[in-house]
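>>> Have a look; sequence and predicted model below, questions after that.
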Amino acid sequence: TEVRDYVVAHQSWMQDYHYRTFSCDLNCAKPEAGIYLECVQGLGVTPQETIFIDDRPNNVAGAAKVGLRAILHTSEAETKQAVAALLE
């Protein structure tokens, strides 16, 4: 919680987000299902309406397992192409 509090207090860009999910508040972390489900619930969307991007295969697999449209980030160009394909 100390790290979360510091980041929220000292990183002005954090204020741009209307909902934030912190693993320290939930006592779980990626790739556990609970972290993804809490996030989509807090955002008021369904997993199927969500695109999750991460560079760690186990986190991408965890997101996909609960229904998020998950993309493994390997390069900017490939990620942009994958996002565009999902949005078509």
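On my side now, so go ahead.
>>> Tell me which residue lies nearest the centroid of this protein.
residue 52 (5.3 Å; Cα atoms, centre = their mean).
>>> now that one, which residues is it bridged with?
Taking DSSP bridges, one finds residue 70 as the beta-bridge partners of residue 52.
>>> Quick check, it in contact with residue 67.
No: using Cβ atoms under 8 Å, residue 52 is not in contact with residue 67, being 10.1 Å away. C-betas here are computed from N, CA, C, even on glycine.
>>> where in this protein is pLDDT low?
Nowhere does the chain drop to pLDDT under 70.
>>> the strands in it, which residues?
51-54, 69-72 (DSSP state E).
>>> TSV please, covering these and showing distance to residue 5.
As requested, the strands of the chain are exported to TSV (distance: least, Cβ to Cβ, whole Å):
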stretch	distance to residue 5
strand 51-54	24
strand 69-72	29
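>>> For residue 24, find the nearest of those strands.
Closest of the strands of the chain to residue 24 is strand 51-54, at 18.6 Å (criterion: Cβ to Cβ).
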